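*Asks:* sharing a sequence plus its predicted fold:
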Amino acid sequence: MSAQFLQYLFAGLTIGAIYALVALGFAIIYNASQVINFAQGEFVMAGGMATVWLANAGWPLPVAIGAAVALAALLGLALEKFAVEPARGAPVVTLIIITIGASILLRGLAMLVWDKNVHALPAFSGDAPIRIGGATVLPQSLWVLGATLVIVVLLAAFFNRTLLGKALLATSHNRLAAQLCGISVRRVLLVAFGLSAALGAVAGILVAPITFTTWDVGVMLGLKGFAAAILGGMGSGAGAVLGGLVLGIAEAMGAGYVSSAYKDVIAFLVILGVLMFLPGGLLGARASERV
Amino acid sequence: MAFRLLSMIAAALLAFAAHAQPQPIRIGAFLAVTGPAAFLGDPEQKTLELYVGKLNAAGGLLGRKLELVSYDSAGDAEKARTFAKRLIEQDKVDVIVGGSTTGETMAVVPLAEAAGIPFISLAGAVVIIEPVKKWVFKTPHTDRMACEKVFVDMKARGATRIALISGAGGFDKSMRAECLKVAGKYGIEIAADESYGAADTDMTAQLTKIRGTPGIQAVLNAGFGQGPAIVTRNYKQLGIALPLYQSHGVASKEYVKLSGEAAEGVRLPAAALLVADVLPDNDPQKKVVTGYKREYEARYKSEISTFGGHAYDGLMLAVEAMRRANSTQHEAVRAALESIKGYVGTGGVVNLSPTDHMGLDLSAFRMLEVRKGDWTLVK
Amino acid sequence: MRGRGLALLALAVLALPLALPNKYAYEVAILIGLNALVCVGLNLLIGYAGQISLGHAGFFGLGAYGSAILAARYGWPTPLSLPAAVAGVALLAWLVGRPVLRLRGHHLAMATLGLGVIVSIVIATEDRVTGGPDGMSVPPLAAFGVALAGETAWYWAVGALLVGTVWLARNFIDSPRGRALRALHGSEIAAEMVGIDSARHKLDAFVLSAALAALAGGLTAHYSGFITPARAAFLHSIELVTMVVFGGMASTFGAVVGAAALTLLPQILTALKEYEMVVFGAVLMLTMIFMPRGLVPTLEKALAAANRRAV
């Protein structure tokens, strides 16, 4: 029984870490601009697909990864500069539709520039499963968990100790006050989008050896990442990570112990339940609304 | 004055030329070129384009050129319906070859029946031709046949208590339902029945449950898309040593590439097309399948799949029927289709009749095994 | 202005058949009408009440499957099964709306999204009743042995229904309840201070829009003769919201225009083959960037400005 439980736990933690990274991307952009970026999943896709393409073209894997992350960051910057910035002041719903349009555009581009097939990346350190307490874990899962941990720590340091990170935080708390302090909101927005895109790309690359990558892999991952961000409390980095892990584990446990056909239903019911009793999400601050 | 005369003559000649130019024969198609079934629709589209071109280069059909009018239905039944209506009412096609998925096909069946136009479907489920519908035909093997072929092989290996794992898609669910229905007839007991979502990325939970069920001797994965590749990898990761069977839904090299080493020893029922090169020379299908493989790979520089082969069969059957009927009139073509016997396609030898609108039997399926990243024929 | 708009719509519906060359064109027109029905209702929720729903395709799908299952599996006559399905969905929306509408902004978005996804998964999984992901056949709409069949008949039915619904929606918006709704959108707290029961009004808009979606769903099912769970899926919900915002929020005619534009666009763009998605995404983005309030409000403003200058 407990070997089964461990197996489900590892599966849940692995996919949960990916959801956490995607959720962080949502949270960072939302904090800076109040926009829900429906194209976030496409950054995840771009990271994986670009890496596959470059690796197939003969680039060594680490270089391909670096280039792919840079490409995704560029896409994020472009999205902010050419789509979000011109529409500043538009109602939030309009901005959401713009990001939806961007998501469609990026997927269409992916089909044209790359292809429609499903691709796998080679695992970073081999495929030999590791046995832990009766359950088996892929080495790639450990890479996913480890990298997520490192990224979360680095992000925390970025937000709390660097000037740019603090500027981002300040903008998310109160944009006007931040501007009055001399913070360039435009620059902050660019950084937020670029950073989110890079995060998404890293998530896509980490998980491509396990889950494969294809032109529309971002749709489901984006949706789940968004759900995880809300579950944890949009606007809280720790919330995004917690939300991702909880969502992943809820899915795996639901599939293992209740019903594999309805595991997504179980996960969403969990989210709905949390929202009913904690409208701000798990770690979301009880926001007070200014009238 | 002379100029006016000349221009009138020119106009008359042009009109005559336009009249003398016969109307092309229109082949209508709606395929899932993008979307979740893109790996079905993409090779189907490419195959149709390639062979309509080849037929035209060889002189066309009945003295007329062929014209392909195709739309991308992206795996969506509503879109398929609207495009099929467009093909019938606006583009006025002579025959429809299309419908990559069962959902799309079934949405269009009432349209084809009402309009009285021959419709050759490229989708899998048995419900398309059972009960037989007057105007609807299909070229791929049915999901029931896949179950039967697998069960026969399992029995031969001594596995009678098995587990089933399938995805959430239409193909998966339809095949799962058929397998549950016919298992008893072949002496197979399905002791575990798990499923996963269409975009799921980890099936270790479901496979762990299967491993925990006592007495399982083999596992059948009824699925298509990337799910089966993930199942195969998880299978190896968990160290499950039982025989794993896949369905014909993954009959393409992409599955083998994605599954990597984990695919070693996996068996599946598939058309002879996949093992074209290792077929014995006296095999009736040898010439057709090696021809298709050579021509497709030369043109598109990518590996063939059985899905493109089904489109090839569909087009060729339509062309053959029109040739026999010596017309494109709908009823004549339909009757001609029903009379085709002994036609050698990529999917098998086809014998159509008024009561059988698919024409393949169990021998059209070969049992293949993956060895060293390539398909081998199981004797 | 309002009477003129409605008259224009009625005129368009009456005159359009002159421009429709074949049954396929009629089909597109009917699909536009059915989408417009959903959008008019959804616009009441998003544009006027200011609440977002990313799960309305769930109501659409429940209306469609409800009527289909009652008619096909239980033998109910379709003039009964359709209203029953709509009533059932309205009841469900009422029950579910009360707790869910307490949430705000993106939390409400997530909750409605979750509900929509749950509905679409349940429909796709319970294949014994619903036919599963491959869908099920739906009997045609028929009463006393006479079936509503053929594109022309359906065109007039849907056209009449659309004009009627737009008329009702406009009346609702101008009624005291409608004004209360608009006050809500402006500022919920200010509205409550004036004595408006915001929870009740939000629920009204939610239930009304759900009922309209269910009606459109049922009609679509009976018209097509076939229904698949994809109609209840997340992507369809997004399409509906996009139509409303594209056409113009807080504008009933905007909803109709948005539905027309985004139903026609894929039919036209299909000629671009593999470039279709890229162009569609680009069109969406550019339109929303340059017309942030949507097509109809922006055009109305431009017309008004031109009129003022002309004076």
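*Replies:* Structure received. Residues are numbered from 1 along each chain as shown, chains lettered A, B, ... in the order given.
*Asks:* hey, let's count contacts and neighbours off CA atoms from now on
*Replies:* Noted.
*Asks:* tell me how many other residues crowd the nearest residue to B:Met203 once chain neighbours are set aside.
*Replies:* Leaving aside its sequence neighbours, B:Met203 sits nearest to B:Val231 (C-alpha to C-alpha, 6 or more residues apart in numbering or on different chains; 5.9 Å). Counted with other C-alpha atoms under 10 Å in any protein chain shown, the neighbours of B:Val231 add up to 26.
*Asks:* which residue ranges form the strands in the stretch 101-250 of chain C?
*Replies:* Per DSSP state E, counting those that start in this stretch, the stretch 101-250 of chain C carries strands over the ranges C:136-137, C:142-143, C:146-147, C:226-227.
*Asks:* so which of the ones you listed is the most surrounded?
*Replies:* Mean neighbour count (mean count of other C-alpha atoms under 10 Å in any protein chain shown) peaks for strand C:226-227 among the strands of the stretch 101-250 of chain C, with a mean of 30.
*Asks:* so what strands line up beside that strand?
*Replies:* Strands adjacent to strand C:226-227 in the sheet, as given by DSSP bridges, are strand C:136-137 (antiparallel).
*Asks:* what about the strand it pairs with, average pLDDT?
*Replies:* Averaging pLDDT along strand C:136-137 yields 90.
*Asks:* contacts for it next, please.
*Replies:* Residues outside strand C:136-137 that contact it (C-alpha atoms under 8 Å, 6 or more residues apart in numbering or on different chains) are B:107, C:68, C:72, C:130, C:225-228.
*Asks:* low pLDDT regions in the chain?
*Replies:* Picked chain A for this. Within chain A, the stretches with pLDDT under 70 are A:1, A:285-291.
*Asks:* actually it's chain C I care about, not the one you picked
*Replies:* In chain C (pLDDT under 70), the answer is C:1-2, C:311.
*Asks:* could you do chain B as well?
*Replies:* Scanning chain B for pLDDT under 70 picks out B:1-21.
*Asks:* what's the nearest residue to A:Ile98 if we skip its chain neighbours?
*Replies:* C:Met285 (4.9 Å).
*Asks:* that neighbour touches A:Ile104, doesn't it?
*Replies:* No. In this structure C:Met285 lies outside contact range of A:Ile104 using C-alpha atoms under 8 Å: 9.6 Å.
*Asks:* who has more neighbours out of the two?
*Replies:* Legend: neighbour count by other C-alpha under 10 Å for C:Met285 and A:Ile104, higher for C:Met285 (29 against 25).
*Asks:* chain center to the helix or strand that contains the more buried one: distance?
*Replies:* Element membership of C:Met285 [criterion: DSSP states H and E] is helix C:276-290. Relative to its chain's centre, helix C:276-290 lies at 21 Å (C-alpha atoms, centre = their mean, to the nearest Å).
*Asks:* that one: which residues count as buried?
*Replies:* C:276-289 (16 or more other C-alpha atoms under 10 Å in any protein chain shown).
*Asks:* over to stretch B:348-356?
*Replies:* Judged by neighbour count (16+ other C-alpha under 10 Å), stretch B:348-356 contains these buried residues: B:348-353, B:356.
*Asks:* just to revisit the earlier point, tell me the contacts of the residue nearest to A:Ile98?
*Replies:* A:83, A:97-99, A:101-102.
*Asks:* swap in B:Tyr196?
*Replies:* Taking C-alpha under 8 Å, 6+ apart as the test, what B:Tyr196 contacts is A:260-261, B:165-168, B:203, B:206.
*Asks:* please name the nearest non-neighbouring residue to it.
*Replies:* The shortest distance from B:Tyr196 to any non-neighbouring residue, by C-alpha to C-alpha, 6+ apart, is to B:Gly167 (4.8 Å).
*Asks:* contacting residues for that neighbour?
*Replies:* Per C-alpha under 8 Å, 6+ apart, neighbours of B:Gly167: B:173, B:195-198, B:222-224, B:227.
*Asks:* most neighbours of all the residues you listed, which one?
*Replies:* Neighbour max across the contacts of B:Gly167 (other C-alpha under 10 Å) = B:Gly223, 30 neighbours.
*Asks:* tell me how far that one lies from C:Thr298.
*Replies:* The gap separating B:Gly223 from C:Thr298 is 49 Å, by C-alpha to C-alpha, to the nearest Å.
*Asks:* go on, B:Thr204?
*Replies:* 53 Å.
*Asks:* just say helix, strand or coil for B:Glu67.
*Replies:* The assignment at B:Glu67 comes out as strand when based on DSSP: H, G, I helix; E, B strand; the rest coil.
*Asks:* hang on, the earlier thing: helix or strand: which one has the residue nearest to B:Met203?
*Replies:* Using DSSP H and E, B:Val231 maps to helix B:227-237.
*Asks:* and A:Leu176, how many neighbours?
*Replies:* The burial count for A:Leu176: 14, using other C-alpha under 10 Å.
*Asks:* and for C:Arg309?
*Replies:* 8.
*Asks:* quick one: the host helix or strand of it to chain centroid distance?
*Replies:* C:Arg309 belongs to helix C:295-310 when elements are defined using DSSP H and E. Relative to the centre of its chain, helix C:295-310 is centred 26 Å away, using C-alpha atoms, centre = their mean.
*Asks:* over to stretch C:176-193?
*Replies:* The chain centre lies 23 Å from the centre of stretch C:176-193; the measure is C-alpha atoms, centre = their mean.
*Asks:* swap in stretch A:41-49?
*Replies:* Distance, stretch centre to chain centre, for stretch A:41-49: 10 Å (C-alpha atoms, centre = their mean).
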